Structure formats: structure tokens, C-alpha cells
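K.L.:
No sequence on hand, only this structure:
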């Protein structure tokens, strides 16, 4: 699970592993700054930051193949670039509080 924030964290790494709730399952904070991620496509700079952070994580953890579950279509431009990735799109038909 990738956690993002609207403010870039003051850490040198591109990502921080928050926890590993199960084997091969990671809760990760991507160290990228966003103005909005739930109601618009990421900017070119945001896409580069997220893609770079995820690739660094995959290299650091020596991941060979991944499964990505995407809830928001705005993440597609980021995860489509990941090597050896199986993509699952979980369409949220009803999500109160968000324009959909």
C-alpha cells in the first residue's frame, strides 16, 4: 500500500517502509509532494517522483514481480511503467466524500 502526503517529508530517501503486515506486503510512504491526487491526474513532476520512488523500493527490496491493486484511475500512468507488474483495477463505484 502506498501512502502519500501533500507535503514532502524531510527524509533523504525516496520512500519509507512504515510496516510489513504480511510477507511480501508493504505499507510504504512515498516521499513526494502533491497538490491533489484523488480528483485529477498527477502532474509530470508528480508522476516522475512516484515512479522513481516505487522503482527505488523495488530495487531496495529486490522485488522481481509485483501485483498492483489500483483504486483510482489517476495512478495508472505510474504503475503502467513498472516492470513485471500484474495490474488489478478495483473500481470504487461508491466512495462518499469524493467526486466520482
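P.N.:
Sure, I can see it. For clarity, every value in this text was computed on a predicted model and none was experimentally measured.

K.L.:
Give the buried residues for the lengthiest helix in the chain.
P.N.:
Criterion DSSP state H: the longest helix present in the chain is helix 44-60. Within helix 44-60, the residues scored as buried using 16 or more other C-beta atoms under 10 Å are 46-47, 49-51, 53-55, 57-58. For glycine as for every other residue, the C-beta is placed from the backbone atoms N, C-alpha and C.

K.L.:
After it, which helix or strand is next? Please name it.
P.N.:
strand 66-70 (DSSP states H and E).

K.L.:
in its sheet, what does that next one sit against?
P.N.:
strand 85-89 (parallel) (DSSP bridges).

K.L.:
May I have the distance across stretch 16-30, first residue to last?
P.N.:
Distance between the two ends of stretch 16-30: 7 Å, counting by C-alpha to C-alpha, to the nearest Å.

K.L.:
chain center to that stretch, what's the gap?
P.N.:
How far stretch 16-30 lies from its chain's middle: 12 Å, per C-alpha atoms, centre = their mean, to the nearest Å.

K.L.:
For it, the averaged confidence score.
P.N.:
Average pLDDT, stretch 16-30: 86.

K.L.:
Make JSON lines from the buried residues of helix 44-60 and add pLDDT and distance to residue 20 to it.
P.N.:
Listed next are those as JSON lines, based on pLDDT from 0 to 100; distance: C-beta to C-beta, whole Å:
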{"residue": "46", "pLDDT": "84", "distance to residue 20": "26"}
{"residue": "47", "pLDDT": "86", "distance to residue 20": "26"}
{"residue": "49", "pLDDT": "86", "distance to residue 20": "23"}
{"residue": "50", "pLDDT": "86", "distance to residue 20": "20"}
{"residue": "51", "pLDDT": "88", "distance to residue 20": "22"}
{"residue": "53", "pLDDT": "88", "distance to residue 20": "17"}
{"residue": "54", "pLDDT": "89", "distance to residue 20": "16"}
{"residue": "55", "pLDDT": "90", "distance to residue 20": "19"}
{"residue": "57", "pLDDT": "90", "distance to residue 20": "12"}
{"residue": "58", "pLDDT": "91", "distance to residue 20": "15"}
